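Trainee: here are the coordinates; sequence isn't available:
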């Protein structure tokens, strides 16, 4: 049974050791992950690491992240002080480097130096690791496991890669296990090794030969034979990583905007997490319009503005108060009133998405749309305050 | 009619969530409206294209979703089957399932195999002139280069064999700017614009495919021109608010706050659009599609976006 997560995102972050932030692309996952980390470090204390995948450049440089490398860097405490926030703990950030992650994995799993070098030097290695089990996803989970196991952090927050399908992330460790157990791998590697065609591989090879050419197949087989020597290590490791995802020290945070497609994806993701017994801790609804826009009284006020825009007496009074010509005033007021109706349409759509998602997660936090892009610590902390402040059941 | 739609093959890509599928559907719709016979193909099988046309599912067999507009979803197994039958002349009736699954795994592992099967099917449709225009709802920007560059990658990787032979005619189609173009869809936000600039540079630098246009989706309208922003500020000040409150009979601050938020967002959009125009080579057309303030979804949105594109396409 999972530990009680309390009533707020603050409680959730205080109770958990690993937070996996997921959701569809373009919803602001990276920003939310960083904001959670910044606020957790500031308010809850302890050593917090945010592992990010592809941060916007300005945000990355604001946090002191270089372009490459797995090494974590600490956000200077002075940056918090400059933002007017006393930071009780430490905020560390690191960027996921898939290539380095894979190389690291091979180094660790290879039975000897010769084999390790053979794999790393194999021309297909890069390409294959880039494809065969959604390797970004797998490496992200690997790193999460490592970072947690290192015992260096109280809280690790991971911003997940932009998967084609968010589920790939959850399935990555399982697929890694499956790959090694697959008959294909055996088919592929057996004939090359023994130079004998087994009955099972025959039809496959006949066709594959005609389509791909045998030389190409041989190259592939050679690589897999190298890889197979690492099977036991990989499978054991993938199983550990997989267990971590259902561990009760782990929680998932799904980020969505209130647009149709991301909201659909969030709902789906929430259901799938539930089905896999992976603990969904909270849903973050990012970049929402103020709900006040939909209040009938406000709509009436906007309609009223539209009417007074054509009232010469009001325009005369306004002319004195705002030092502008009646024609200008009329146009600006009409524009404000007309455009407001557009916003009401959007806010209406958002309200619908919101009610659809109301029961998706035990906690829902709402982050308003901001006037400016987020690319510094003060802005992250402001979002963090929204996240930790207003999470509600 | 737009010169863009005079080409025979358009790949449409973009970062996730920017409206890639809708744009692909709208481009196809526009061409069909102009009387062309059009095929639109979804490459990543997520079902977004079916949702755009409000049909239950799309399969490998194209289906007419609007007059002269055919839609399909790419499927490697079916593509392999067709390839084997038509090109390699290996008759396979039924029982391809286990083989294809196995093949799927090899294709996953072997660089470019899956891509070449998909791109091969697309190029085949173009070569055979089954359609006047093929629009591809392609992979997202992170994967598009691997997709459109697959024939070249295969040619370099595979020294001999039938697959290599197939790459030559495909490259002929893909590298011909009069026939083939890539449309990059984006939104006026920081990350999508950055990715777009990088992608345009990469496609132009490393592939033979022509970047035909950048489509900026969901551009917020400008509320105020010139002096009007200053007038708005003065109207939002206490003296004018008092006059307005009296005239309207209630507080109008929420309306003004919303306007200020929207205007601030718009000015952020402006800076991103300027950066895009400055960082994308001048010969690549950049067009804008405004944010649609509509409650419509699906098929209706495709029509609305097509209407907007009709006005701005090069």
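Mentor: Now that the structure is in, tell me what you want to look at. The structure presented is a predicted model; accordingly, all values stated were derived computationally and were not measured.
Trainee: Residue A:36 is in contact with residue A:367, correct?
Mentor: No. Between residue A:367 and residue A:36 no contact is recorded; they are 10.9 Å apart, counting by C-beta atoms under 8 Å. For every residue, glycine as well, the C-beta is placed using N, CA and C.
Trainee: For these two, indicate the residue with more neighbours.
Mentor: Shown here are residue A:367 and residue A:36; by other C-beta atoms under 10 Å in any protein chain shown, residue A:36 has more neighbours (30 against 23).
Trainee: Look up the closest residue to that one, ignoring the ones flanking it.
Mentor: residue A:157 (5.5 Å; C-beta to C-beta, 6 or more residues apart in numbering or on different chains).
Trainee: can you tell me the helix or strand for the one you found?
Mentor: Of the helices and strands defined by DSSP states H and E, residue A:157 is found in strand A:155-159.
Trainee: Tell me the strands beside that strand, with direction?
Mentor: Here strand A:155-159 has these sheet partners by DSSP bridges: strand A:18-22 (parallel), strand A:47-52 (parallel).
Trainee: okay, these in a markdown table with distance to residue B:313 next?
Mentor: Converted to a markdown table, the strands paired with strand A:155-159 look like this (distance: least, C-beta to C-beta, whole Å):
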| stretch | distance to residue B:313 |
| --- | --- |
| strand A:18-22 | 36 |
| strand A:47-52 | 37 |
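Trainee: Save those as JSON lines, and put in mean pLDDT too.
Mentor: Listed next are these as JSON lines, based on pLDDT from 0 to 100:
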{"stretch": "strand A:18-22", "mean pLDDT": "93"}
{"stretch": "strand A:47-52", "mean pLDDT": "92"}
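Trainee: circling back: could you give the mean pLDDT of the strand holding residue A:157?
Mentor: The pLDDT scores in strand A:155-159 average 92.
Trainee: buried stuff in that strand?
Mentor: Using 16 or more other C-beta atoms under 10 Å in any protein chain shown as the test for burial, strand A:155-159 gives A:155, A:156, A:157, A:158, A:159.
Trainee: do stretch A:92-110 as well
Mentor: A:92-98, A:101-106, A:109-110.
Trainee: Check stretch A:28-48 too.
Mentor: A:28-44, A:48.
Trainee: do the same with stretch B:250-262
Mentor: B:252, B:254, B:255, B:256, B:258, B:259, B:260, B:261, B:262.
Trainee: and which of those residues is nearest to residue B:206?
Mentor: Nearest to residue B:206 out of the buried residues of stretch B:250-262 is residue B:262 (C-beta to C-beta; 39.6 Å).
Trainee: that's a helix at the closest one, yeah?
Mentor: Yes. Counting by DSSP: H, G, I helix; E, B strand; the rest coil, residue B:262 is part of a helix.
Trainee: Would you enumerate the residues in contact with it?
Mentor: For residue B:262, the contact set (C-beta atoms under 8 Å, 6 or more residues apart in numbering or on different chains) comprises A:339, A:343, B:220, B:223.
Trainee: Narrow those to those in strands?
Mentor: Among the contacts of residue B:262, no member falls in strands (DSSP state E).
Trainee: Can you add pLDDT and give those residues back as a markdown table?
Mentor: What follows is the contacts of residue B:262, written out as a markdown table (pLDDT from 0 to 100):
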| residue | pLDDT |
| --- | --- |
| A:339 | 91 |
| A:343 | 93 |
| B:220 | 91 |
| B:223 | 86 |
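Trainee: Which of the residues you listed has the largest number of neighbours?
Mentor: residue A:339 (23 neighbours).
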